[in-house]
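Asks: Provided below are the primary sequence and the corresponding predicted coordinates.
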Amino acid sequence: QVQLVESGGGLVQAGGSLSLSCAASGLTFNLHAMGWFRQAPGKEREFVAGISRAGANTYYADPVKGRFTISRENTKSTAYLQMNSLKPEDTAVYYCVAQLWGTGRSTTVSEYKYWGQGTQVTVSS
């Protein structure tokens, strides 16, 4: 049974930082590209960042480029999202995703089979 468990969400003031973690189990971690999506109230789920299986390549949505950093530790089966210079518009539920044999580049929701339960990030102004 595949499980992706996010942690690290919370409430932060604008300009602050948060670090999200995603612990994976039940899958061969280094065969999966990992990524993060988010969904704000009343909006569609959107791609945030992705990372290739070995971690050599990373991809970001334009709104978060230069502020967010995705990384992974294959020995720990864990992916991370470091979020700096947070803005109120970053407020959303953040989801960790995994794609077997993926590249991390895909921004399409349906291409990711495995999803975490989500963690709330709230940025106050």
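Replies: Right, received. Where do you want to start? This is a predicted model, so every value here is computed, not measured.
Asks: Assign the closest residue to Phe47 other than its chain neighbours to helix, strand or coil.
Replies: Leaving aside its sequence neighbours, Phe47 sits nearest to Thr107 (Cβ to Cβ, 6 or more residues apart in numbering; 3.7 Å). No exception for glycine: its C-beta is placed from N, CA and C like everyone else's. Of the three states, Thr107 takes coil under DSSP: H, G, I helix; E, B strand; the rest coil.
Asks: Can you tell me how far Thr107 is from Val12?
Replies: 25 Å (Cβ to Cβ, to the nearest Å).
Asks: and those two? which has more neighbours close in?
Replies: Val12 (17 against 14; other Cβ atoms under 10 Å).
Asks: can you pull the buried residues of the host helix or strand of the more buried one?
Replies: According to DSSP states H and E, Val12 maps onto strand 10-13. Within strand 10-13, the residues scored as buried using 16 or more other Cβ atoms under 10 Å are Val12.
Asks: C-terminal to that strand, what's the next element?
Replies: strand 18-25.
Asks: Mind listing what's buried along that following strand?
Replies: Of the residues in strand 18-25, those buried (16+ other Cβ under 10 Å) are Leu18, Leu20, Ser21, Cys22, Ala23, Ala24.
Asks: Just give me the closest of the residues you listed to Val48.
Replies: Leu20 (9.8 Å; Cβ to Cβ).
Asks: what bridges to that closest one?
Replies: Beta-bridge partners for Leu20, by DSSP bridges, are Leu81.
Asks: Contacts only, for it.
Replies: 6-9, 36, 80-83, 94, 96, 119, 121 (Cβ atoms under 8 Å, 6 or more residues apart in numbering).
Asks: what do you get for Glu111?
Replies: So Glu111 contacts Gln99, Gly102 (Cβ under 8 Å, 6+ apart).
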